[in-house]
Structure formats: C-alpha cells, structure tokens
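Q: Following is a predicted model, sequence given first.
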Amino acid sequence: MRDRIAYTLGLFCGHMKSARFVESLAWQMGVDPDAVIGVDYRVKTPDRPASWYRARLYLANGNICEKDWWNLVDGDWGAGFFQNPACNFCDDVVAETADIAFGDAWVEPYSSDGRGTNVVVVRNPEPEDIVEHAIRGGRVDLRPVGAGFVRETQAAGLRQRREGLAYRRRWRPPAIELRKRVSSDLLPHDPRRKLIYRSRYLISLWSHRVFATSRWTRLRLLYLLWARVVLSLYQGLAYSRGVSGRVCDMFLKNGGPR
Ligand code: SF4
C-alpha cells in the first residue's frame, strides 16, 4: 500500500450516516428505496445560501427526486440521525492524517454563497506544489487563511468532538478504556449544553432502532412521526425553535452557540 498510495485526501467530517438514511429519504420522497441508484445529500444552487441545501435521489428509471432538508423529518445533520456509533467517540474533525483535507467554510460571508466554498488544508509539500500550480494557472481560486479561520469554520464540529466528547467519554462502560486527546477540563457546565449532547447521542442510538422496527412492521409512519417529534424537541433545545424552544427558554438559559 505504501508503494501504491501516493497521497491521501480527506474530508472534514461531521459524522457518517448509515444507508438507512437514504431509505428514509426515499420514504419521504415517495419512491421505492430499491429504485435508488445514487444520492446527493447536499445539492446547492447559486440563488440560495449554501446552507439551504436539498437532498437528491437518482432513480433507476432516470428520474430525479429532490426535497429541501428543512422539510425532512430527520433533516438536521447535527441532530445525529442514523449516525455511526463510532462517531460518538471520534476526536478528529479535519481529517488530520490526510495529505490534503477539504471542508466547508461554514462562516459568513461564505455560507451565504450558494455555490459553496471550501477550506483546504495541505500537509504535504508535493500536493502543495500541485495546488500552487493550479492556483497560478487559474484553475482553482484559493487564498491563504490562518488556522484560526479554519477552526472557526468548523466550530460546531469541534464543540461536538472536544467539549461533547469530554462529556460522552464519562458514560462509557468502565471496562472500556478510551484514550482520547480531549481533556476533562473541557467538560460542559451548562445544563442545556449537556442536554443537547445527550439528545444527539440518544437520537443517534434510537433512530437505528425505531427505523428497524418501522421496516420490520412495515409501518413507515412509526419512524416518520417519531423523527418529526424528536427533531422538533431537539431544535427547540438547540435553537429555541417552536413551542418546545419557548418551553426550554423558560426553564433553561441559552447555553451559547450549538
Ligand atoms: S469516526 Fe470520525 S472521521 Fe470517521 S466517520 Fe465518524 S466522525 Fe467521521
């Protein structure tokens, strides 16, 4: 492998979802999951902010179906629906061992640019030459930024895998040793933040189970209703949205950015 793999390319990572998420998309778009041959989780258009993306399914008959994420019952990536359990204990965000890593610039004004904007971290001189050659040739448009800027674009992911991980690792079974680079000094103190980390964890755990039950019993509404209710509770807690948000605001102070 050392001889054959010249460079590794990585993606900044929120978490990985299971294939059941695509099935859920198919259910919500009214198509047969077996007819899906391709998926684009995030279709952007220049006339809308990059964060207003759509999910798109490609079907075997050549048709395409799309739905805005905010109309999906599980349409909030950060809530953790169908998340791989390993991602709860991951301490990487920026593909740390890749020669080049690419991420989304989730910070203004870039997140309002409907075309989307990448941040790129190059860690190997040879790919760096390739990238600089491409910049000089006008094939890519990149400008130097500092580490602080890159950190700012991934603020939510870093919170989830620094403060959130420091909290989650305390729940592990005592027999399991978790060696992580996250200090316990980072533990959250705000009760609302703790509830957010707990709710993400529970959504990631129960979405698999409820969906499996829904498939087994052929009661799609079971998952769809559960997910709608859970997402609305989560968004109330995290973003003060809706009735649940007003109730949370009455009893819990706002714990800062999510
Ligand atoms: S383990 Fe970490 S890097 Fe891997 S998919 Fe999960 S969050 Fe991403």
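A: On my side now, so go ahead. Numbers count the residues shown, from 1 in each chain.
Q: Contact partners for the most centrally placed residue in the chain?
A: For the chain, the residue nearest the mean C-alpha position is Gly14 (3.7 Å; C-alpha atoms, centre = their mean). Contacts for Gly14 were tallied using C-beta atoms under 8 Å, 6 or more residues apart in numbering; they are Trp77, Gly78, Gly157. In short, each C-beta sits where N, CA and C put it, glycine included.
Q: residues touching the last one, list them.
A: By C-beta under 8 Å, 6+ apart, the residues touching Gly157 are Phe12, Cys13, Gly14, Val93.
Q: Then the first one?
A: By C-beta under 8 Å, 6+ apart, the contact list for Trp77 reads Gly14, Trp69.
Q: next one: the second one
A: With contact set as C-beta under 8 Å, 6+ apart, Gly78 has these partners: Gly14, Ala156, Gln160, Arg200, Ala238, Arg258.
Q: Could you measure from Val243 over to Gly38?
A: 38 Å (C-beta to C-beta, to the nearest Å).
Q: Same question for Asp99.
A: Distance from Asp99 to Gly38, by C-beta to C-beta: 28 Å.
Q: cool, Thr45 as well?
A: According to C-beta to C-beta, Thr45 and Gly38 sit 18 Å apart.
Q: Please apply the same query to Pro173.
A: In terms of C-beta to C-beta, Pro173 sits 39 Å off from Gly38.
Q: repeat for Leu205
A: Counting by C-beta to C-beta, the gap from Leu205 to Gly38 is 29 Å.
Q: out of those two, which sits in the busier spot?
A: Leu205 (14 against 11; other C-beta atoms under 10 Å).
Q: need the contact list for that one.
A: So Leu205 contacts Pro85 (C-beta under 8 Å, 6+ apart).
Q: Indicate whether the host helix or strand of it makes contact with the ligand.
A: Using DSSP states H and E, Leu205 sits within helix 191-217. No: using C-beta under 6 Å from any ligand atom, helix 191-217 stays clear of the ligand, with a minimum separation of 10.7 Å.
Q: which outside residues touch whichever helix or strand comes after that helix?
A: As assigned by DSSP H and E, the chain's next helix or strand after helix 191-217 is helix 220-239. Applying C-beta under 8 Å, 6+ apart, the contact partners of helix 220-239 are 24, 27-28, 73-76, 78-79, 81, 192, 195-196, 199-200, 203, 206-207, 210-211, 213-214, 241-248, 252, 258.
Q: What remains of these if I keep only buried residues?
A: When neighbours are counted using 16 or more other C-beta atoms under 10 Å, the contacts of helix 220-239 contain these buried positions: 24, 27-28, 73-76, 78-79, 81, 192, 195-196, 199-200, 203, 207, 210-211, 214, 244-245, 248, 258.
Q: Quick one, grab the pLDDT at the residue in the stretch 151-258 of the chain positioned nearest to the ligand.
A: Closest contact between the stretch 151-258 of the chain and the ligand, by C-beta to the nearest ligand atom, is at Arg161 (7.3 Å). You'll see Arg161 listed with a pLDDT of 94.
Q: I'm done for today, thanks for sticking with me.
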